[in-house]
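In: I would like to see how this sequence folds:
(one chain, ligands or ions: 2)
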Amino acid sequence: MTDIISRALSKMEDVQAESRIALDAIHLLQNPTASVEAARELIEGDPQLSKTLLLLADLGFYGESAKTDSIKGVCDSLGAHRLFLLTASGAVFHALMRPLNGYSLTRGKLWEHSFFVGVAAGHIARIRGFQVPDHMLAAGLLHDIGKIALAEFLEVDSGKILQMALDRSLPFDAAEAEVLGVNHAEVGAAVLRHWRLPSYFAVPVRWHHDPDALKGESMVTEIIHAADMLSFMAGVGIGVEGLTYAPAESVVHHIGLTPLVTEKVLCATEIDMEHAKKITAEMGME
Ligand SMILES: [Fe+2]
Ligand SMILES: [Fe+2]
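Out: Numbering: from 1, shown residues only. Ligands and ions are numbered 1, 2, ... in the order given. Model prediction:
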């Protein structure tokens with residue numbers, strides 16, 4: 001592990017502590033013999049996590065039947081696997097809500113960007129008729145978690161990184177890697193592995209800016225990459241780096257991201273963003 005990755009992981013210790021109960025519930029639910037009841041007791045012990053999961057369940061994440069007003073109702077209707085995904089989706093909600101000065105993201109903007117990418121990925125799959133796994137939504141919500149870890153390093157170097165990106169027409173993640181030695185995608189994947197989350201989260205997080213470099217099954221990563229690019233196009237969470245990115249041509253071609261598909265995805269996601277902004281207003285100011 002590089003020195004910068006271990007230093008970045010140490011910057012996540014407070015996030016890990018804040019998300020302790022969510023992570024305990026996630027680890028419990030990863031066990032094939034998991035008891036939903038035991039996970040429910042853990043979740044109910046954390047009022048902030050309970051509130052977050054109720055809000056996400058109310059959006060219809062992982063099933064319309066989970067739109068209830070109690071954690072018990074959510075747990076009973078989702079079952080172990082979908083409760084695991086819901087908890088993974090909400091585990092770092094408060095950390096995503098933080099302002100990240102190094103990326104010029106004010107309070108709530110990384111959460112809104114992450115939400116956009118998660119739901120837009122689902123719309124891309126639905127509109128194009130792709131069968132995708134349930135975990136794509138959580139992976140989309142987690143895709144930029146590495147930014148939380150790198151934000152402090154970037155506060156020192158963001159001007160230099162942005163200048164390098166502009167001078168050499170580099171995407172921001174490549175300039176990050178040149179200046180810091182790692183980019184936020186590598187750090188994000190390292191965080192998820194360090195937290196013992198499944199590789200089906202870490203892989204799309206690692207390659208979301210470089211889907212061509214991923215060997216093997218890449219549909220989830222490609223769709224998250226496309227959704228990320230659409231978020232920048234829509235001006236959601238563009239921060240310091242948004243204008244330096246371009247979609248991978250291979251992905252545009254492979255998933256059929258035509259202007260009509262793009263327009264349909266943007267329209268559908270725009271409606272969902274009203275919910276995200278309501279949640280930002282409700283939770284972000286606490
Ligand atoms: Fe990213
Ligand atoms: Fe992103």
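
In: so what's residue 91 up against?
Out: Counting by C-beta atoms under 8 Å, 6 or more residues apart in numbering, residue 91 makes contact with 19, 22, 23, 26, 49. Using the backbone N, CA and C atoms, a C-beta is placed for each residue, glycine as well.

In: pretty sure the second one is in contact with residue 48, am I right?
Out: No: using C-beta atoms under 8 Å, residue 22 is not in contact with residue 48; the gap is 9.5 Å.

In: Could you check which of the two is surrounded by more residues?
Out: residue 22 (25 against 16; other C-beta atoms under 10 Å).

In: next one: phi and psi at the closest residue to the more buried one other than its chain neighbours?
Out: Distance criterion C-beta to C-beta, 6 or more residues apart in numbering; nearest residue to residue 22, sequence neighbours excluded, is residue 91 at 3.7 Å. Here is the backbone geometry of residue 91 (degrees, to the nearest 10): phi -60, psi -40.

In: With respect to ligand 2, which of the contacts of residue 91 is nearest?
Out: Nearest to ligand 2 among the contacts of residue 91, counting by C-beta to the ion, is residue 19 at 19.7 Å.

In: tell me the pLDDT at the nearest residue to that closest one once chain neighbours are set aside?
Out: Excluding its sequence neighbours, the residue lying closest to residue 19 (C-beta to C-beta, 6+ apart) is residue 91, at 4.8 Å. As predicted, residue 91 sits at a pLDDT of 96.

In: What of residue 266?
Out: 97.

In: Can you say which helix or strand has residue 39 in it?
Out: Here residue 39 is covered by helix 36-44, with elements defined by DSSP states H and E.

In: ok now the helix or strand following that helix, how far from the chain's centre?
Out: Counting by DSSP H and E, the next helix or strand C-terminal to helix 36-44 is helix 47-58. Helix 47-58 sits 17 Å away from the centroid of its parent chain (C-alpha atoms, centre = their mean, to the nearest Å).

In: Show residues contacting helix 47-58.
Out: 21-22, 25, 43-44, 66-71, 74, 78, 86-87, 89-91, 93-94, 279, 282-283.

In: cool, and stretch 28-42?
Out: Counting by C-beta under 8 Å, 6+ apart, 21, 24-25, 71-72, 75-76, 79-81, 83-84, 87, 198 sit against stretch 28-42.

In: and the two most separated of those?
Out: The distance between the two most remote of those (C-beta to C-beta) is 25.9 Å, for 72 and 198.

In: returning to that earlier point: now do the residue nearest to residue 19 against residue 230, distance only.
Out: From residue 91 across to residue 230, the span is 24 Å (C-beta to C-beta, to the nearest Å).

In: Give me the phi and psi for residue 105.
Out: The phi/psi pair for residue 105 (degrees, to the nearest 10) is phi -110, psi 120.

In: what's the answer for the one 4 residues further on, then?
Out: Geometry field for residue 109 lists phi and psi as phi -70, psi -30, criterion degrees, to the nearest 10.

In: just residue 218 next, same as before
Out: Dihedral angles (degrees, to the nearest 10) for residue 218: phi -130, psi 10.

In: Isn't it up against residue 208?
Out: No: with contact defined as C-beta under 8 Å, residue 218 does not count as touching residue 208 (10.8 Å).

In: wait, does the helix or strand bottoming out on mean pLDDT in the chain make contact with ligand 2?
Out: Ranked by mean pLDDT, DSSP states H and E, the weakest helix or strand in the chain is helix 145-167, scoring a mean of 87. No: using C-beta under 5 Å from the ion, helix 145-167 never reaches ligand 2; the gap is at least 7.9 Å.
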